[in-house]
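# Below are the sequence and a predicted model; questions follow.
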Amino acid sequence: MSDARGVRRSRSEEEEESYFVSMADMMVGLLFIFIILLLYFALQFRQTTDTLTGAGQTRTELLRTLERDLKEKGLKVTVDTRTGVLRLPDDILFDTGAYELSPQGQRAVAVVAGELVRVLPCYTDVMSGGPRCMGRMALHRIDSIFIEGHTDRVPLTGGGPVRSNLDLSALRATRTFQAMMAAAGGLPKLVSVNDAERTPIFGVSGYGDTRPVPDRAGSESDVNRRNRRIDLRFLMVTPQGEEDTAFSRSLVAQR
(Lines give C-alpha, C1' and ligand atoms only; values in the text may rest on other atoms or scores of the structure.)
Protein backbone atom coordinates (compact mmCIF):
# COMPACT_ATOMS: atom_id res chain seq x y z
CA MET A 1 0.00 0.00 0.00
CA SER A 2 2.78 2.35 0.92
CA ASP A 3 4.54 1.43 -2.33
CA ALA A 4 1.44 2.44 -4.29
CA ARG A 5 1.29 5.76 -2.49
CA GLY A 6 4.96 6.30 -3.20
CA VAL A 7 4.44 5.62 -6.90
CA ARG A 8 1.49 8.00 -7.05
CA ARG A 9 3.48 10.65 -5.20
CA SER A 10 6.42 10.21 -7.56
CA ARG A 11 4.20 10.47 -10.61
CA SER A 12 2.56 13.60 -9.19
CA GLU A 13 5.93 15.18 -8.55
CA GLU A 14 7.06 14.32 -12.08
CA GLU A 15 3.91 15.86 -13.55
CA GLU A 16 4.39 19.04 -11.47
CA GLU A 17 8.04 19.23 -12.51
CA SER A 18 7.09 18.70 -16.15
CA TYR A 19 4.43 21.42 -15.83
CA PHE A 20 6.90 23.92 -14.37
CA VAL A 21 9.47 23.06 -17.04
CA SER A 22 6.87 23.68 -19.75
CA MET A 23 5.88 26.98 -18.15
CA ALA A 24 9.54 28.02 -17.92
CA ASP A 25 10.09 27.14 -21.57
CA MET A 26 7.01 29.15 -22.54
CA MET A 27 8.14 32.16 -20.50
CA VAL A 28 11.61 31.99 -22.08
CA GLY A 29 9.99 31.87 -25.52
CA LEU A 30 7.74 34.84 -24.74
CA LEU A 31 10.71 36.78 -23.37
CA PHE A 32 12.66 36.02 -26.53
CA ILE A 33 9.76 37.24 -28.70
CA PHE A 34 9.46 40.38 -26.56
CA ILE A 35 13.19 41.10 -26.97
CA ILE A 36 12.94 40.64 -30.75
CA LEU A 37 9.94 43.03 -30.94
CA LEU A 38 11.72 45.55 -28.72
CA LEU A 39 14.79 45.48 -30.97
CA TYR A 40 12.60 45.83 -34.06
CA PHE A 41 10.75 48.88 -32.72
CA ALA A 42 13.99 50.41 -31.44
CA LEU A 43 15.49 50.02 -34.92
CA GLN A 44 12.39 51.54 -36.53
CA PHE A 45 12.50 54.45 -34.10
CA ARG A 46 16.20 55.01 -34.80
CA GLN A 47 15.62 54.95 -38.55
CA THR A 48 12.71 57.39 -38.28
CA THR A 49 14.71 59.70 -36.01
CA ASP A 50 17.69 59.60 -38.36
CA THR A 51 15.43 60.37 -41.33
CA LEU A 52 13.80 63.33 -39.59
CA THR A 53 17.15 64.66 -38.41
CA GLY A 54 18.59 64.29 -41.89
CA ALA A 55 15.59 66.04 -43.42
CA GLY A 56 16.03 68.93 -41.00
CA GLN A 57 19.70 69.23 -41.90
CA THR A 58 18.87 69.16 -45.61
CA ARG A 59 16.30 71.91 -45.13
CA THR A 60 18.76 74.04 -43.18
CA GLU A 61 21.39 73.68 -45.91
CA LEU A 62 18.81 74.61 -48.56
CA LEU A 63 17.68 77.71 -46.66
CA ARG A 64 21.25 78.85 -46.03
CA THR A 65 22.06 78.41 -49.71
CA LEU A 66 19.04 80.47 -50.77
CA GLU A 67 19.82 83.16 -48.19
CA ARG A 68 23.41 83.47 -49.39
CA ASP A 69 22.57 83.52 -53.09
CA LEU A 70 19.71 86.00 -52.70
CA LYS A 71 21.84 88.36 -50.61
CA GLU A 72 24.55 88.20 -53.28
CA LYS A 73 21.90 89.43 -55.70
CA GLY A 74 21.13 92.37 -53.41
CA LEU A 75 17.90 90.99 -51.94
CA LYS A 76 17.48 91.38 -48.19
CA VAL A 77 16.05 88.15 -46.76
CA THR A 78 16.29 86.26 -43.48
CA VAL A 79 15.87 82.60 -42.65
CA ASP A 80 14.60 80.76 -39.60
CA THR A 81 16.09 77.27 -39.83
CA ARG A 82 14.13 76.05 -36.79
CA THR A 83 10.76 76.61 -38.46
CA GLY A 84 11.98 76.25 -42.04
CA VAL A 85 11.11 79.81 -43.14
CA LEU A 86 12.62 82.09 -45.77
CA ARG A 87 11.37 85.58 -44.90
CA LEU A 88 10.77 88.44 -47.34
CA PRO A 89 10.23 91.83 -45.67
CA ASP A 90 7.01 93.55 -46.66
CA ASP A 91 8.69 96.86 -47.47
CA ILE A 92 10.53 95.39 -50.47
CA LEU A 93 7.31 93.99 -51.94
CA PHE A 94 4.30 96.23 -51.27
CA ASP A 95 3.42 99.85 -50.68
CA THR A 96 1.66 100.64 -47.40
CA GLY A 97 -1.84 99.12 -47.31
CA ALA A 98 -1.55 97.80 -50.90
CA TYR A 99 -1.84 94.20 -52.04
CA GLU A 100 -0.51 94.65 -55.56
CA LEU A 101 3.25 94.17 -55.82
CA SER A 102 5.20 97.38 -56.36
CA PRO A 103 7.64 97.55 -59.31
CA GLN A 104 10.44 96.87 -56.80
CA GLY A 105 8.39 93.98 -55.43
CA GLN A 106 7.93 92.49 -58.89
CA ARG A 107 11.68 92.52 -59.43
CA ALA A 108 12.35 91.03 -55.98
CA VAL A 109 9.86 88.20 -56.49
CA ALA A 110 11.36 87.47 -59.93
CA VAL A 111 14.80 87.12 -58.33
CA VAL A 112 13.42 84.74 -55.68
CA ALA A 113 11.58 82.71 -58.32
CA GLY A 114 14.74 82.44 -60.42
CA GLU A 115 16.72 81.05 -57.49
CA LEU A 116 13.96 78.62 -56.55
CA VAL A 117 13.60 77.19 -60.04
CA ARG A 118 17.37 76.74 -60.18
CA VAL A 119 17.69 74.95 -56.82
CA LEU A 120 14.41 73.16 -56.06
CA PRO A 121 14.43 70.48 -58.81
CA CYS A 122 17.16 68.71 -56.81
CA TYR A 123 14.77 68.50 -53.82
CA THR A 124 11.50 67.59 -55.57
CA ASP A 125 9.95 65.43 -58.23
CA VAL A 126 9.38 67.07 -61.58
CA MET A 127 6.48 66.67 -64.01
CA SER A 128 7.38 65.46 -67.49
CA GLY A 129 8.91 68.24 -69.53
CA GLY A 130 9.74 70.34 -66.47
CA PRO A 131 13.11 71.53 -65.16
CA ARG A 132 15.69 68.92 -64.23
CA CYS A 133 18.22 68.84 -61.43
CA MET A 134 21.61 69.96 -62.73
CA GLY A 135 23.45 68.59 -59.67
CA ARG A 136 23.05 65.71 -57.23
CA MET A 137 19.56 64.76 -56.13
CA ALA A 138 19.07 65.49 -52.43
CA LEU A 139 18.43 62.47 -50.24
CA HIS A 140 15.53 64.25 -48.50
CA ARG A 141 12.72 65.80 -50.54
CA ILE A 142 10.47 68.82 -50.10
CA ASP A 143 6.82 68.04 -49.47
CA SER A 144 5.36 71.58 -49.61
CA ILE A 145 6.29 75.25 -49.70
CA PHE A 146 3.63 77.59 -48.31
CA ILE A 147 3.66 81.24 -49.32
CA GLU A 148 2.30 82.92 -46.19
CA GLY A 149 1.10 86.49 -45.85
CA HIS A 150 1.41 88.31 -42.49
CA THR A 151 0.54 91.81 -41.28
CA ASP A 152 1.01 93.92 -38.19
CA ARG A 153 -1.78 94.53 -35.64
CA VAL A 154 -2.66 98.02 -36.81
CA PRO A 155 -6.31 97.81 -37.96
CA LEU A 156 -7.14 98.84 -41.51
CA THR A 157 -9.21 101.96 -42.07
CA GLY A 158 -11.38 103.04 -44.96
CA GLY A 159 -13.46 101.03 -47.41
CA GLY A 160 -12.64 98.97 -50.48
CA PRO A 161 -12.35 95.24 -51.08
CA VAL A 162 -9.83 94.75 -48.26
CA ARG A 163 -11.64 95.09 -44.93
CA SER A 164 -9.25 93.36 -42.54
CA ASN A 165 -5.62 92.43 -42.06
CA LEU A 166 -6.59 88.85 -42.86
CA ASP A 167 -7.90 89.95 -46.28
CA LEU A 168 -4.74 91.94 -46.89
CA SER A 169 -2.40 89.10 -45.93
CA ALA A 170 -4.24 86.56 -48.11
CA LEU A 171 -4.24 88.86 -51.15
CA ARG A 172 -0.55 89.68 -50.73
CA ALA A 173 0.34 85.99 -50.49
CA THR A 174 -1.77 85.27 -53.57
CA ARG A 175 -0.15 88.07 -55.60
CA THR A 176 3.30 86.87 -54.57
CA PHE A 177 2.44 83.32 -55.61
CA GLN A 178 1.08 84.45 -58.98
CA ALA A 179 4.12 86.63 -59.67
CA MET A 180 6.51 83.79 -58.78
CA MET A 181 4.75 81.31 -61.06
CA ALA A 182 4.74 83.84 -63.91
CA ALA A 183 8.41 84.76 -63.43
CA ALA A 184 9.68 81.16 -63.49
CA GLY A 185 7.55 78.82 -65.57
CA GLY A 186 9.28 75.75 -64.18
CA LEU A 187 7.96 76.26 -60.64
CA PRO A 188 4.42 74.94 -61.27
CA LYS A 189 5.97 71.72 -62.60
CA LEU A 190 7.61 70.89 -59.26
CA VAL A 191 5.59 68.27 -57.40
CA SER A 192 5.61 66.12 -54.30
CA VAL A 193 4.65 62.44 -54.43
CA ASN A 194 2.39 61.19 -51.61
CA ASP A 195 0.83 57.72 -51.92
CA ALA A 196 1.62 57.79 -55.66
CA GLU A 197 -0.31 61.07 -56.06
CA ARG A 198 1.68 63.91 -57.60
CA THR A 199 0.71 67.29 -56.16
CA PRO A 200 2.22 70.76 -56.72
CA ILE A 201 4.49 71.76 -53.87
CA PHE A 202 3.38 75.41 -53.67
CA GLY A 203 0.45 76.58 -51.58
CA VAL A 204 -0.86 79.93 -50.33
CA SER A 205 -2.18 81.08 -46.96
CA GLY A 206 -2.88 84.35 -45.14
CA TYR A 207 -2.71 84.79 -41.37
CA GLY A 208 -3.26 88.50 -40.86
CA ASP A 209 -1.77 89.55 -37.53
CA THR A 210 -2.30 86.20 -35.78
CA ARG A 211 1.30 84.96 -36.08
CA PRO A 212 3.68 87.74 -35.04
CA VAL A 213 7.42 87.16 -35.15
CA PRO A 214 8.97 86.15 -31.79
CA ASP A 215 11.43 89.08 -31.86
CA ARG A 216 9.73 91.99 -30.05
CA ALA A 217 12.84 94.07 -29.43
CA GLY A 218 12.81 97.74 -30.37
CA SER A 219 10.02 100.27 -30.78
CA GLU A 220 6.45 99.44 -31.72
CA SER A 221 7.09 100.61 -35.27
CA ASP A 222 10.10 98.27 -35.49
CA VAL A 223 8.02 95.33 -34.32
CA ASN A 224 5.21 96.20 -36.75
CA ARG A 225 7.70 96.42 -39.60
CA ARG A 226 9.07 92.94 -38.87
CA ASN A 227 5.55 91.50 -38.67
CA ARG A 228 4.65 92.79 -42.15
CA ARG A 229 6.19 90.04 -44.25
CA ILE A 230 5.84 87.20 -46.71
CA ASP A 231 7.14 83.87 -45.42
CA LEU A 232 8.08 80.90 -47.57
CA ARG A 233 7.67 77.92 -45.27
CA PHE A 234 9.46 74.73 -46.36
CA LEU A 235 8.04 71.38 -45.22
CA MET A 236 10.01 68.20 -45.83
CA VAL A 237 8.65 64.75 -46.64
CA THR A 238 8.27 62.66 -43.48
CA PRO A 239 8.97 58.90 -43.48
CA GLN A 240 5.90 56.89 -44.49
CA GLY A 241 7.14 53.36 -44.98
CA GLU A 242 8.84 51.04 -47.41
CA GLU A 243 8.13 53.21 -50.47
CA ASP A 244 10.09 56.15 -49.06
CA THR A 245 12.85 53.82 -47.86
CA ALA A 246 13.22 52.36 -51.35
CA PHE A 247 13.35 55.87 -52.82
CA SER A 248 16.04 56.91 -50.34
CA ARG A 249 18.10 53.83 -51.18
CA SER A 250 17.86 54.57 -54.88
CA LEU A 251 19.13 58.10 -54.27
CA VAL A 252 22.00 56.81 -52.16
CA ALA A 253 22.91 54.47 -55.03
CA GLN A 254 23.02 57.50 -57.38
CA ARG A 255 25.67 59.06 -55.18
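Arrived safely.
# Which strand or helix spans residue 106?
Using DSSP states H and E, residue 106 sits in helix 103-119.
# For that helix, what does the pLDDT average out to?
The average pLDDT within helix 103-119 is 96.
# Describe which strands the helix or strand that it is followed by pairs with in its sheet and in which direction.
For helix 103-119, the succeeding helix or strand toward the C-terminus, using DSSP H and E, is strand 125-126. Strand 125-126 sits in its sheet next to strand 190-194 (antiparallel), going by DSSP bridges.
# Could I get the buried residue list for the strand it pairs with?
190, 191, 192, 193 (16 or more other Cβ atoms under 10 Å). C-beta: built from backbone N, CA, C; applies to glycine.
# Could you figure out how far it is turned away from helix 103-119?
50 degrees (axes from the mean of the first three to the mean of the last three Cα atoms, to 10 degrees).
# any idea which helix or strand comes after strand 190-194?
strand 197-200.
# Can you name the secondary structure element that comes next after that following strand?
Using DSSP H and E, the next helix or strand after strand 197-200 towards the C-terminus is strand 202-206.
# What mean pLDDT does that following strand get?
96.
# same question, stretch 140-153
On average, stretch 140-153 scores 94.
# chain center to it: distance?
10 Å (Cα atoms, centre = their mean, to the nearest Å).
# any idea how far residue 79 is from residue 71?
Noted for residue 71: a distance of 10 Å to residue 79, by Cβ to Cβ, to the nearest Å.
# What of residue 208?
For residue 208 relative to residue 79 (Cβ to Cβ), the value is 23 Å.
# Residue 168 now?
For residue 168 relative to residue 79 (Cβ to Cβ), the value is 24 Å.
# do residue 104 as well
21 Å.
# So between those two, which is more surrounded?
Taking neighbours as other Cβ atoms under 10 Å, residue 104 and residue 79 compare with residue 79 leading, 22 against 13.
# Can you list the strands that the helix or strand harbouring the more buried one pairs with?
Assessed by DSSP H and E, residue 79 sits inside strand 78-80. Here strand 78-80 has these sheet partners by DSSP bridges: strand 85-89 (antiparallel).
# Which residues does the partner strand contact?
With Cβ atoms under 8 Å, 6 or more residues apart in numbering as the contact definition, strand 85-89 has outside contacts at 63, 66-67, 76-80, 108, 112, 176, 225-226, 228-234.
# can you rerun that using 10 Å?
Contacts to strand 85-89, defined as Cβ atoms under 10 Å, 6 or more residues apart in numbering, come from residues 62-63, 66-67, 70, 75-80, 105, 108-109, 112, 115-116, 145-148, 150, 176, 213, 225-226, 228-234.
# are any of the residues you listed buried, and which?
Among the contacts of strand 85-89, those classed as buried by 16+ other Cβ under 10 Å are 62-63, 66-67, 70, 75, 77-79, 105, 108-109, 112, 115-116, 145-148, 150, 176, 213, 226, 228-234.
# Return the subset of the residues you listed lying in strands.
Using DSSP state E to define strands, the subset of the buried ones among the contacts of strand 85-89 located there is 78-79, 145-148, 150, 229-234.
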